[in-house]
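Trainee: my questions are about this predicted structure, shown below with the sequence.
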Amino acid sequence: MPASSSDGLEALLSAVAACGADPECPAWRDLARVVDTAARADPSVTRLWPPHATGGQPTEAALLRELAQQLHALASHDTATRHALTEWLRHHHGPAHTPPGPPPAATTNVISGDSVLHGPSVQARDIH
């Protein structure tokens, strides 16, 4: 999961929403395994799985959001949940599963004025 806690939660919320509610989807089945792992640390997570709304209860989307929030909270202090969730995100929603971002901006290196260089550096006009 990303370093920032809020970024990690947003990535998880996005991944769970993208997974949809298709029980035939491999990501959905693997998420069920993550919930099983999390339930070892906190059995109350099982009340959110599977997230099917019924009369008078929150919508399925709200249940998925609550599930993501609870999994994220558990991952912050339970190693097994963190590992299972990280692997699930990497496998089903890693770089190969997300659209590429904008290309990096071109960089220029200019040393002038009061510039300070840290670490090894070479200043030369020509290197042959």
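Mentor: Arrived safely.

Trainee: CA only for contacts and neighbour counts going forward, please
Mentor: OK.

Trainee: ranges for the helices of this protein?
Mentor: For the chain, the helices defined by DSSP state H cover 5-19, 26-41, 60-75, 79-93.

Trainee: closest one to Leu48 among the ones you listed?
Mentor: helix 60-75 (5.9 Å; C-alpha to C-alpha).

Trainee: neighbouring contacts of that closest one?
Mentor: Outside helix 60-75, the residues that touch it by C-alpha atoms under 8 Å, 6 or more residues apart in numbering are 8-9, 12-13, 16-17, 35, 38, 41-42, 45, 48-49, 51-53, 81-83, 85.

Trainee: try 7 Å
Mentor: 9, 12-13, 16, 38, 48, 51-53, 81-82 (C-alpha atoms under 7 Å, 6 or more residues apart in numbering).

Trainee: quick one, it and helix 5-19 angle?
Mentor: Angle, helix 60-75 to helix 5-19, by axes from the mean of the first three to the mean of the last three C-alpha atoms, to 10 degrees: 140 degrees.

Trainee: using CSV, write down the CA coordinates of helix 60-75.
Mentor: C-alpha atoms of helix 60-75 as CSV (Å, rounded to 0.1, in the frame of the first residue of the first chain):
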residue,chain,number,x,y,z
GLU,A,60,-23.8,-2.0,-1.7
ALA,A,61,-21.5,0.9,-2.6
ALA,A,62,-21.7,2.1,1.0
LEU,A,63,-20.9,-1.4,2.3
LEU,A,64,-17.9,-1.7,-0.1
ARG,A,65,-16.6,1.7,1.2
GLU,A,66,-17.0,0.6,4.8
LEU,A,67,-15.3,-2.7,4.0
ALA,A,68,-12.4,-0.9,2.4
GLN,A,69,-12.1,1.5,5.4
GLN,A,70,-12.2,-1.4,7.9
LEU,A,71,-9.6,-3.4,5.9
HIS,A,72,-7.4,-0.3,5.7
ALA,A,73,-7.6,0.2,9.5
LEU,A,74,-6.8,-3.4,10.2
ALA,A,75,-3.9,-3.4,7.8
